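Enquirer: pasting a predicted model and its sequence here:
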Amino acid sequence: MRLVWVLLCTAPLVAAPVELSLKRAVQLAVAPEGNTRVQLSAEALKQAESRSAQARGALLPDVGGTFTDQSMTRNLAAMGIQITTPIPGFKIPIFVGPFTTMDARVAATQSVFDFSTIRRFQASKAGVSAARADVGGSAEQVAGQVARAYLAAVRADADVESSKANLTLSEAVLKQAENQKAAGTGTGIEITRARVQLANDRQRLLVAENARRSAGLQLLRAIGLRLDTELLLTDKLQYVPVDAVTMEQAKAQALKERPDLEAQQGREATARLSASATKLERLPSVAAFGDYGSSGSGFDSSLPTRTIGISVRVPLFDGGQRDARRAESASQYRAEKVKTNDLKEQIELDVRLALDELHSAEEQVKVSREGLDLAENELAQARRRYEAGVAIGVEVTDAQSRLERARDNQTAALYNYNVGRIDLAQAMGAVRKSVE
């Protein structure tokens with residue numbers, strides 16, 4: 001009894017499989033600590049916010065303090081100071097010092113009129129909006145990727161179940177062939193044919209199990225979980241009708257909801273404001289400045305001093321740098337406009353392809369369901385005829401092969417239909433909503 005207790009205590013603990021639904025998989029992937037792409041988009045948003053804060057800082061007062069305490073000597077002649085005296089034989093020394101100076105001061109500058117800086121701040125805020133939309137776009141892309149990986153894993157599970165059912169059927173057919181031969185109504189070639197089919201089904205089961213392990217690893221990687229996590233998928237491939245939607249309705253919703261389009265429009269606005277800021281560099285800028293402090297040879301002898309003023313900067317000529325920057329920023333703006341138009345056309349293409357794919361997959365599901373019913377009936381009839389001695393084993397084997405193909409067709413049709421649903425949701429910018 002003691003040995004059993006020691007073995008139980010020292011045996012490694014096996015983690016229970018993690019039950020995972022499609023909704024939960026998407027939630028884990030789009031969480032802040034989930035998929036790598038989501039994390040990177042969140043960091044890009046923080047960087048955009050930091051750049052906006054820097055641009056805002058150029059419009060706020062710049063305040064600084066200084067304190068200097070230094071001991072100096074000076075050569076007055078080197079400074080162009082020549083002192084003569086009418087007293088013969090008396091000279092004023094040209095080398096003075098050492099002497100001490102102290103200065104403690106607070107200085108501030110404030111932009112009063114600078115349209116270019118204001119435009120750059122507006123451009124930075126548009127950049128933040130674009131980065132925030134990119135976060136939503138990344139989440140949508142990751143949700144679609146995870147949903148497809150989940151469906152692939154579910155399909156792999158269905159393939160394993162179909163392979164096991166086919167293997168069970170092959171074992172039953174082999175048993176029937178052996179019984180028929182024992183009864184004197186069967187032949188050895190029929191038993192051999194049944195064994196060949198059984199061997200093929202065993203191999204297909206091995207391939208299906210390996211594909212299931214691969215699909216599970218791909219799903220874990222897409223979500224961002226540890227690759228040694230064992231999953232138990234709770235959702236199955238099934239036909240769930242979707243609400244009817246026309247092409248125009250789907251396109252309108254896509255143009256309204258797609259976060260990647262919102263992000264691209266934000267980048268276009270950023271480029272437009274940046275181009276405007278470059279143009280406004282030609283205007284004069286006005287700034288106020290001032291300082292206040294105490295200076296002297298020491299703290300006891302220091303006196304308060306101050307400076308206040310207004311500075312006006314008028315750009316005249318900089319070697320063509322402003323013109324070059326203006327041409328570059330204008331080209332960048334035009335490029336972003338082209339990207340926006342191209343993305344709108346791509347959205348329409350995505351919607352059209354997704355709708356066609358979904359409609360085709362829906363018809364495939366109906367046809368595969370009819371084919372499966374017919375194949376099951378054919379096999380049942382062939383086995384009854386074979387058992388009654390009015391048919392040979394080839395009919396059973398052929399019917400069995402057609403049933404296996406019908407099962408595969410139904411699995412593929414259901415997978416294509418569910419993938420079509422995800423593709424349409426992604427084309428309309430609503431993957432996360434569709435899985436909730």
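Expert: Yep, it's here.

Enquirer: contacts and neighbour counts: CA atoms only from here.
Expert: Fine.

Enquirer: going along the chain, name the strands of the stretch 51-200 of the chain.
Expert: Listed in chain order, the strands of the stretch 51-200 of the chain (DSSP state E, counting those that start in this stretch) span 62-75, 95-113.

Enquirer: compare the ones you listed and give me the one nearest Thr278.
Expert: Proximity of the strands of the stretch 51-200 of the chain to Thr278 was assessed by Cα to Cα; the nearest stretch is strand 95-113, lying at 15.4 Å.

Enquirer: show the average pLDDT along that closest one.
Expert: For strand 95-113, mean pLDDT rounds to 89.

Enquirer: same question for stretch 354-373.
Expert: For stretch 354-373, mean pLDDT is 94.

Enquirer: can you say which of the strands of the stretch 51-200 of the chain is nearest to Arg306?
Expert: Nearest to Arg306 among these is strand 95-113; the distance by Cα to Cα comes to 8.7 Å.

Enquirer: buried sites along that closest one?
Expert: Burial within strand 95-113, assessed by neighbour count using 16 or more other Cα atoms under 10 Å, is assigned to Met102, Asp103, Ala104, Arg105, Ala107, Thr109, Gln110, Ser111, Val112, Phe113.

Enquirer: surely the third one and Ser294 touch.
Expert: Same thing as Ala104. Yes. Counting by Cα atoms under 8 Å, Ala104 touches Ser294, with 5.3 Å between them.

Enquirer: now do the helices in the chain.
Expert: Read by DSSP state H, the chain holds these helices, from start to end of the chain: 2-10, 22-29, 36-57, 115-182, 188-223, 247-257, 259-279, 321-388, 393-427, 431-434.

Enquirer: hmm, who's touching stretch 179-190?
Expert: Contacts of stretch 179-190 with the rest of the structure, by Cα atoms under 8 Å, 6 or more residues apart in numbering, involve Ala177, Glu178, Glu387, Gly389, Ile392, Gly393, Val394.

Enquirer: ok, the fourth one - contacts?
Expert: It stands for Gly389. Residues touching Gly389, when contacts are defined by Cα under 8 Å, 6+ apart, comprise Thr185.

Enquirer: redo that, cut-off 10 Å
Expert: The contact partners of Gly389, by Cα atoms under 10 Å, 6 or more residues apart in numbering, come to Gln180, Thr185, Gly186, Arg383.

Enquirer: ranking by neighbours, what's the top pick from the contacts of stretch 179-190?
Expert: Ala177 (29 neighbours; other Cα atoms under 10 Å).

Enquirer: from Ile87, how far out is the closest residue to that residue other than its chain neighbours?
Expert: Leaving out its chain neighbours, the residue that sits closest to Ala177 by Cα to Cα, 6 or more residues apart in numbering is Ile191, at 5.5 Å. Note on Ile191: its distance to Ile87, by Cα to Cα, to the nearest Å, is 140 Å.

Enquirer: more crowded one of those two?
Expert: For Ile191 and Ile87, the more surrounded residue by other Cα under 10 Å is Ile191, and the numbers stand at 21 against 7.

Enquirer: what's the separation between the more buried one and Gln381?
Expert: Plainly put, Ile191 is 19 Å away from Gln381 if you go by Cα to Cα.

Enquirer: take the contacts of Gly389 and write them to CSV, including distance to Ser274.
Expert: Written out in CSV, the entries for the contacts of Gly389 read as follows (distance: Cα to Cα, whole Å):
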residue, distance to Ser274
Gln180, 86
Thr185, 89
Gly186, 86
Arg383, 78
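
Enquirer: between these, which is nearest Gln321?
Expert: Distance from Gln321 was checked for each of the contacts of Gly389 by Cα to Cα. The minimum falls on Arg383, at 87.9 Å.

Enquirer: run through the residues that contact the residue lying closest to that closest one once chain neighbours are set aside.
Expert: When the adjacent residues along the chain are set aside, Arg383 lies closest to Val396, with 5.9 Å between them (Cα to Cα, 6+ apart). When contacts are counted by Cα under 10 Å, 6+ apart, Val396 touches 173, 177, 190, 194, 378-386, 402.

Enquirer: swap the cut-off to 7 Å and go again
Expert: Counting by Cα atoms under 7 Å, 6 or more residues apart in numbering, Val396 touches Leu379, Ala382, Arg383.

Enquirer: next: Arg120.
Expert: Taking Cα under 7 Å, 6+ apart as the contact definition, Arg120 lies against Ala55, Leu273, Ser274, Ala277.

Enquirer: how near is it to Val96?
Expert: Distance, Arg120 to Val96, using Cα to Cα: 51 Å.

Enquirer: and for Glu345?
Expert: Shown here: Glu345 relative to Val96, a distance of 80 Å by Cα to Cα.

Enquirer: repeat for Pro32
Expert: When Cα to Cα is the yardstick, Pro32 and Val96 sit 68 Å from each other.

Enquirer: kindly report the same for Asp228.
Expert: Distance, Asp228 to Val96, by Cα to Cα: 81 Å.
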